[in-house]
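K.L.:
Have a look; sequence and predicted model below, questions after that.
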Protein chains: 2
Amino acid sequence: MVNYFSSDFKLAILGGGQLGKMMLYETRKYDIETLVLDPSSEAPCRISSNYFEQGDLMDYETVLNFGRKADVVTFEIEGVNVEALKQLESEGKKTFPSAATLEKIQNKAVQKKFYKEKKIPTADFKVFSDLSALQNAVQKKEVEIPFVWKSATGGYDGKGVSVIKKAEDLKELSEGECIAERLVPFKNELAVIVARTPSGEVRTYPVVEMEFHPTANQVEYVICPARIEEKVAEKARAIAKQVSEAFEHVGLLAVEMFQTEEDDILVNEVAPRPHNSGHYSIEASYTNQFEQHIRAILDLPLGNTDSKVGGIMVNLVGDPDHEGEVVYENIEKIMEMNGVTPHIYGKKITRPFRKMGHVTIVDKDIARARKIAEKVKNSIKVISKK
Amino acid sequence: MVNYFSSDFKLAILGGGQLGKMMLYETRKYDIETLVLDPSSEAPCRISSNYFEQGDLMDYETVLNFGRKADVVTFEIEGVNVEALKQLESEGKKTFPSAATLEKIQNKAVQKKFYKEKKIPTADFKVFSDLSALQNAVQKKEVEIPFVWKSATGGYDGKGVSVIKKAEDLKELSEGECIAERLVPFKNELAVIVARTPSGEVRTYPVVEMEFHPTANQVEYVICPARIEEKVAEKARAIAKQVSEAFEHVGLLAVEMFQTEEDDILVNEVAPRPHNSGHYSIEASYTNQFEQHIRAILDLPLGNTDSKVGGIMVNLVGDPDHEGEVVYENIEKIMEMNGVTPHIYGKKITRPFRKMGHVTIVDKDIARARKIAEKVKNSIKVISKK
């Protein structure tokens, strides 16, 4: 076995945001040497990495030269130069997840076709090379309103996705390759994180549930375990495993899914990295998602994915009416509550809806955790200095 | 309230070893800016601190100038210049734990007299200004063999403590102020960690038990919760709380105790900082000891000290037959076991008995955890590269 611990082994991480930051807690715990590349000089990973480089993640030469300094290359964001990863792989560098997987996932049209080819259940869809092709199809009634429009590339955190309810909505869309997806009525939005090693060991985490605000169309709570029937949970985990194996994925894969009215599971999309839906695992799981990602890409044995206790995650996003130097109002109030842990990502400036951190609430009783989560949500505010 | 999170608030930590390293996981989680001072350029805290300075912790000017750069000063090792802390306090700098507390604890004779004065149960003792005074007292039978000799200053990890079983043993002792303590037969060695804030909020952790090797006189496992009667556990926690309040301690205080044959609790000694006996808390507790220390010294609300699951800690010490570049043999074997997390402190060189890391084993069933802990102990070896 390679000697990763307190050795001269080097792990390169492309991207230095909050996901990388939480990954670094684990590389520090194992004393694994890390190199991080990020375009921002104030990236959260500037601290805790052994070596930090400021540079463009989409630039071929930058990524190639950076990757060459390490023994294994991974990423915490999908927006990295895939050609550079391919070149690194051809030079014998271990790149996990692989360039081929990332390339499929970066393009939602390719991703959806891949599911179809691999017989992975997903909502029906059609691919269009550009917006005018989609507009023509709508005129000819080949695509029926309502449907879900998704940009093939560049979508993130709900950007690049629109529900088209009437013809005029088409005018708001951006140009470029896109897909039109059937609007599936669903009971629940679920997610399962899968870890897979180069040797093929696979483990799935319990199913989590996204609870939406009753009126605003926004996820309020990520809840683990999901409050669904056991047989539905088993199906979701089995499908997530199937997706990971279809990609021959190495590392973490977060599989987002819909539970339909008929209790079918449809894969929505995947992220080839630690994921917001797995943040609860830091406090709740025997092995948190960041440690599991490190174990997976280094071909170490995977850890137990079970939970010690129930976990709920609440995102801390910038208040819509504030911009400027951040203040976490009432943070001391939520710290008084049982089982509450705030995570502050380290961004100095808050902006409306900017992801500034998250809060985990753990409890042996998930219903009690849910009540505390609501108190957290109603107490803390991410505002700017007066 | 002071704005600690993603602000320009600065916390100074004196000492940059493994305790500081684990504290930095928490300052990173809260995005609290840190400055660390340590004599070694390869200190584990060099990474993850916002600012690292190499310097002598016992040097008055070094500590004073370093402390002046921060808003609050704490330490992760007792061996720091107390006069510099006093000066910082007189300049209005918050120093937690306080210089007065540290001064009492640094000298075991002073510590023991303090217990007596405060009516805290502890083994009977006598103080001697130097070794010859003790030798005279033994000759005059004012001190009866067997007894426990303790150097008043400089003891650490079992150094500076000797059980005197016969007159010749006296010759092996080092010079200087010392105490002779009654040798108390005990059933168990226990410890309780107490957290206390400047506002006076106090919380105790559950009692942990040190399980010794059946023949070698060495702690093998730290087990939480201790396998003792509930009423003994309650007494131990009450006494630990009493000690913390007697010191008007701020921060963490680890209170080491004996459970006598008669189920009395005697305080052995204390450490005014996160402690080896609390490492289990990272994986097992709702609030781990390092987060709790930060909460305490910043006068934030204290977190829940209960455990989510049972926890056992095994120290990883250098194999007696190895010295050189470290290799953690069979680490991948222990990572396969359920609920096992290795912590690697980041020391490149192993030496006989050097503390190189620890392993935590958590499980809902403490008896099952104990079995896994034994497998861990029998598998992993800290050796040097061939």
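P.N.:
Thanks, I have the structure now.
K.L.:
any idea how far the nearest residue to residue A:246 once chain neighbours are set aside is from chain B?
P.N.:
Residue nearest to residue A:246 in three dimensions, not counting chain neighbours: residue A:118, with 4.2 Å by Cβ to Cβ, 6 or more residues apart in numbering or on different chains. Any C-beta I mention is one placed from the backbone N, CA and C, and that applies to glycine too. Note on residue A:118: its distance to chain B, by Cβ to the nearest Cβ, to the nearest Å, is 30 Å.
K.L.:
cool, residue A:108 as well?
P.N.:
The value you get for residue A:108 to chain B, if Cβ to the nearest Cβ is used, is 33 Å.
K.L.:
how many neighbours does that residue have?
P.N.:
Residue A:108 is flanked by 24 other residues according to other Cβ atoms under 10 Å in any protein chain shown.
K.L.:
Tell me who's in contact with it.
P.N.:
Counting by Cβ atoms under 8 Å, 6 or more residues apart in numbering or on different chains, residue A:108 touches A:150-153, A:155, A:179, A:269.
K.L.:
What does it show for phi and psi?
P.N.:
Main-chain dihedrals, residue A:108, degrees, to the nearest 10: phi -70, psi -30.
K.L.:
Minimum pLDDT in the contacts of residue A:108, which residue is that?
P.N.:
Here the lowest pLDDT out of these sits on residue A:155, with 64.
K.L.:
Filter the contacts of residue A:108 down to the buried ones.
P.N.:
Among those, those classed as buried by 16 or more other Cβ atoms under 10 Å in any protein chain shown are A:150-153, A:179, A:269.
K.L.:
Residue numbers of the stretch 151-300 of chain A in contact with chain B?
P.N.:
A:286-287, A:291, A:295, A:300 (Cβ under 8 Å from any Cβ of the partner chain).
K.L.:
Residue A:258 in helix, strand or coil?
P.N.:
strand (DSSP: H, G, I helix; E, B strand; the rest coil).
K.L.:
In its sheet, which strands sit next to the helix or strand that contains residue A:356, and in what direction?
P.N.:
Element membership for residue A:356 (DSSP states H and E) is strand A:355-363. Applying DSSP bridges to the sheet, strand A:355-363 is found paired with strand A:310-317 (antiparallel), strand A:340-344 (antiparallel).
K.L.:
Show me where chain A dips below the pLDDT cut-off.
P.N.:
In the predicted model of chain A, residues A:155-158 satisfy pLDDT under 70.
K.L.:
Which residue ranges of it form helices?
P.N.:
Per DSSP state H, chain A carries helices over the ranges A:18-29, A:60-67, A:82-90, A:99-106, A:108-117, A:131-139, A:230-246, A:281-284, A:289-297, A:331-335, A:366-379.
K.L.:
Of these, which is nearest residue B:332?
P.N.:
With Cβ to Cβ as the measure, helix A:289-297 is the member of the helices of chain A nearest residue B:332 (9.6 Å).
K.L.:
helices or strands up against the closest one?
P.N.:
Contacts defined by 3 or more Cβ pairs under 8 Å, 6 or more residues apart in numbering or on different chains; DSSP states H and E place helix A:289-297 against helix A:18-29, strand A:72-75, strand A:186-196, strand A:251-260, helix A:281-284.
K.L.:
Export those to CSV and append columns for distance to residue A:332.
P.N.:
Shown next, in CSV, are these (distance: least, Cβ to Cβ, whole Å):
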stretch, distance to residue A:332
helix A:18-29, 22
strand A:72-75, 36
strand A:186-196, 31
strand A:251-260, 32
helix A:281-284, 19
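K.L.:
and residue A:351, how many neighbours?
P.N.:
17.
K.L.:
Domain parsing of chain A, as residue ranges.
P.N.:
A:10-95, A:124-182, A:186-384 (automatic domain parsing).
K.L.:
Please identify which of those domains is closest to residue B:143.
P.N.:
Nearest to residue B:143 among those is domain A:10-95 (46.5 Å), distances taken as Cβ to Cβ.
K.L.:
could you list every residue that touches the residue positioned nearest the centre of chain A?
P.N.:
Central residue of chain A (Cα atoms, centre = their mean): residue A:275, 3.1 Å from the mean position. The contact partners of residue A:275, by Cβ under 8 Å, 6+ apart, come to A:191, A:193, A:252, A:254, A:289.
K.L.:
Rebuild the residues you listed as TSV, extending it with neighbour count.
P.N.:
Output for the contacts of residue A:275, formatted as TSV (neighbours: other Cβ atoms under 10 Å in any protein chain shown):
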residue	neighbour count
A:191	25
A:193	28
A:252	29
A:254	22
A:289	27
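K.L.:
And those, which is closest to chain B?
P.N.:
The shortest approach to chain B among the contacts of residue A:275 belongs to residue A:289, at 14.2 Å (Cβ to the nearest Cβ).
K.L.:
hmm, back to that, among the buried ones among the contacts of residue A:108, which are located in strands?
P.N.:
In this view, those that belong to strands under DSSP state E are A:150-151, A:179, A:269.
K.L.:
Now the residue in the stretch 51-200 of chain A positioned nearest to chain B. Nearest residue, chain neighbours left out?
P.N.:
Residue of the stretch 51-200 of chain A nearest chain B, by Cβ to the nearest Cβ: residue A:51 (10.0 Å). Spatial nearest neighbour of residue A:51, excluding adjacent residues (Cβ to Cβ, 6+ apart): residue A:35 at 4.5 Å.
K.L.:
and the gap between that neighbour and residue B:177?
P.N.:
Counting by Cβ to Cβ, to the nearest Å, the separation of residue A:35 from residue B:177 is 51 Å.
K.L.:
swap in residue A:292?
P.N.:
52 Å.
K.L.:
Flag every residue of the stretch 1-150 of chain A that's near chain B.
P.N.:
By the rule Cβ under 8 Å from any Cβ, the part of the stretch 1-150 of chain A lying against chain B is A:1, A:3, A:5-6, A:21, A:24-25, A:28-31, A:47-50.
K.L.:
Got the phi and psi for residue A:347?
P.N.:
Per degrees, to the nearest 10, the backbone of residue A:347 is at phi -90, psi 130.
K.L.:
ok, how many other residues are close to it?
P.N.:
Neighbour count for residue A:347, taken as other Cβ under 10 Å: 22.
K.L.:
for the one 10 residues further on, same thing?
P.N.:
Taking other Cβ under 10 Å as the criterion, the count of residues near residue A:357 is 26.
K.L.:
who does it bridge with?
P.N.:
Counting by DSSP bridges, the residues bridging with residue A:357 are residue A:316, residue A:344.
K.L.:
Correct me if wrong: it contacts residue A:343.
P.N.:
Yes - assessed by Cβ atoms under 8 Å, residue A:357 is found in contact with residue A:343 at 5.1 Å.
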